[in-house]
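S.K.: Here is the input, now give the coordinates:
(chains A and B)
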Amino acid sequence: GENVEQHPSTLSVQEGDSAVIKCTYSDSASNYFPWYKQELGKRPQLIIDIRSNVGEKKDQRIAVTLNKTAKHFSLHITETQPEDSAVYFCAASMGSGNTGKLIFGQGTTLQVKP
Amino acid sequence: GAGVSQSPSNKVTEKGKDVELRCDPISGHTALYWYRQSLGQGLEFLIYFQGNSAPDKSGLPSDRFSAERTGGSVSTLTIQRTQQEDSAVYLCASSLGTGGKTQYFGPGTRLLVL
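M.R.: Next comes the predicted model:
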């Protein structure tokens, strides 16, 4: 079945460094790729998303890149801050058409050390 | 405005009992999703509702799980004859339609089956 692989499972960086999280997906019909941030004990919150008709999107310190040919997409956080510490999930839409179903990766625990 | 709400926030039950989890989506959101998040894991899709269409139940793990959405708003997820492996956080999300619309998550219901 469809799946999303996410790496690494844990990532520790020094404050100010960059962090990169990578995901691969299997469903060639996927066309929507959101990233969620989940702080401990809280609900997941969307931080950025990208659609299949673009290759890159930026929002301040956060950027996402998409390679549809290779079926992978990545999250880039620059100038990391301690408040960026959280679990990050990638997701990919399932199937063709206008479905809202998402398959999520297993998550990356990011620790930013001050 | 008010976000997605869920109740109860925590539920402890005995193996074999039935439980009902409630989700109140954001007003006006036509799509509603249920996910399950086991400890330290990603989000597992369970079921979604879109407008008046038949729900997509493809993620329900067994026939002990069912969900309904009354009047296109509130949804209830029912787990019958609970098992210990059902212990997890059950998250509800809603969106303004599908096809790449942002899914907003509720705080979740933490279910513990003893």
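S.K.: For the closest residue to chain B within chain A, which non-adjacent residue is closest in space?
M.R.: Distances between chain A and chain B by Cβ to the nearest Cβ are smallest at residue A:100, namely 3.3 Å. C-beta: built from backbone N, CA, C; applies to glycine. Computed as Cβ to Cβ, 6 or more residues apart in numbering or on different chains, the closest residue to residue A:100 that is not its neighbour in sequence is residue B:98, at 3.3 Å.
S.K.: Provide the secondary structure category for that neighbour.
M.R.: coil (DSSP: H, G, I helix; E, B strand; the rest coil).
S.K.: And for residue A:83?
M.R.: Taking three-state DSSP, the label given to residue A:83 is helix.
S.K.: That one: neighbour count?
M.R.: Residues contacting residue A:83 under the criterion other Cβ atoms under 10 Å in any protein chain shown number 8.
S.K.: where do the strands sit along chain A?
M.R.: A:4-7, A:10-14, A:19-25, A:32-38, A:45-51, A:56-59, A:62-67, A:72-77, A:86-93, A:102-104, A:108-113 (DSSP state E).
S.K.: Show me what residue A:32 is bridged to.
M.R.: Here residue A:32 sits in beta bridges with residue A:51, going by DSSP bridges.
S.K.: That one and residue B:98, how far apart?
M.R.: To residue B:98, residue A:32 is 9 Å away according to Cβ to Cβ, to the nearest Å.
S.K.: for residue 51, what are its contacts?
M.R.: You didn't say which chain, so I picked chain A. Residue A:51 sits next to A:31-33, B:100 when contact means Cβ atoms under 8 Å, 6 or more residues apart in numbering or on different chains.
S.K.: Oops, wrong one, chain B.
M.R.: B:30-31, B:72.
S.K.: which of the contacts of residue A:51 lies closest to residue A:15?
M.R.: The closest of the contacts of residue A:51 to residue A:15 turns out to be residue A:33 (Cβ to Cβ; 27.5 Å).
S.K.: From residue B:64, how far out is the residue in chain B that chain A sits nearest to?
M.R.: At 3.3 Å from chain A, residue B:98 is the closest residue in chain B, using Cβ to the nearest Cβ. For residue B:98, the distance to residue B:64 (Cβ to Cβ) stands at 27 Å.
S.K.: More neighbours: which of these two?
M.R.: Between residue B:98 and residue B:64, residue B:98 has the larger neighbour count (other Cβ under 10 Å), namely 21 against 14.
S.K.: Point out the most buried one among the strands of chain A.
M.R.: strand A:86-93 (a mean of 25; mean count of other Cβ atoms under 10 Å in any protein chain shown).
S.K.: who's in contact with the residue of chain A closest to chain B?
M.R.: Per Cβ under 8 Å, 6+ apart, neighbours of residue A:100: A:93, B:31, B:33, B:48, B:50, B:95, B:97-101, B:103.
S.K.: Cool, thanks, talk later.
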